[in-house]
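Peer 1: Got a predicted model here, sequence first, then my questions.
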Amino acid sequence: MIKVAVRSNESLEAALRRFKRQCNYSGIFRMAKARTWHEKRSDRRRRERRERLRTIQKATRKNDPNRRRRRRRTVTR
């Protein structure tokens, strides 16, 4: 359960933004959206497998030593 204490001199809108951000990072919105309809067990397994493969591929691309990196342009004046 996520709790957000309103700080002194903080507007309610700012506290609400922090609450929404924490909910988004923890994945509550995604879980609630996923539970709005029934998903077959085989479909859930297939989706989770695709998500795992995607994260593995992303990690291997990030850690690839042969990866070409972008160079920042230096601004000369």
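Peer 2: Done, it's in.

Peer 1: now the lowest-mean-pLDDT helix or strand in the chain, how far from the chain's geometric center?
Peer 2: Every helix and strand of the chain was ranked by mean pLDDT, DSSP states H and E. The lowest is helix 28-34, at a mean of 88. From the chain centre to the centre of helix 28-34 is a distance of 12 Å (C-alpha atoms, centre = their mean, to the nearest Å).

Peer 1: swap in stretch 54-74?
Peer 2: Centre to centre, stretch against its chain (C-alpha atoms, centre = their mean), the figure for stretch 54-74 is 19 Å.

Peer 1: contact partners of that stretch?
Peer 2: Counting by C-beta atoms under 8 Å, 6 or more residues apart in numbering, stretch 54-74 makes contact with no residue outside itself. (Glycine included, C-beta is placed from N, CA and C.)

Peer 1: so what's R7 closest to, chain neighbours aside?
Peer 2: Among residues not flanking R7 along the chain, A15 sits closest, at 7.4 Å (C-beta to C-beta, 6 or more residues apart in numbering).

Peer 1: how many other residues sit next to R41?
Peer 2: 7 (other C-beta atoms under 10 Å).

Peer 1: any idea how far it lies from E48?
Peer 2: 11 Å (C-beta to C-beta, to the nearest Å).

Peer 1: before we move on, what about A34?
Peer 2: As judged by C-beta to C-beta, A34 and E48 stand 11 Å apart.

Peer 1: low-scoring pLDDT stretches of the protein, where are they?
Peer 2: Scanning the chain for pLDDT under 70 picks out 77.
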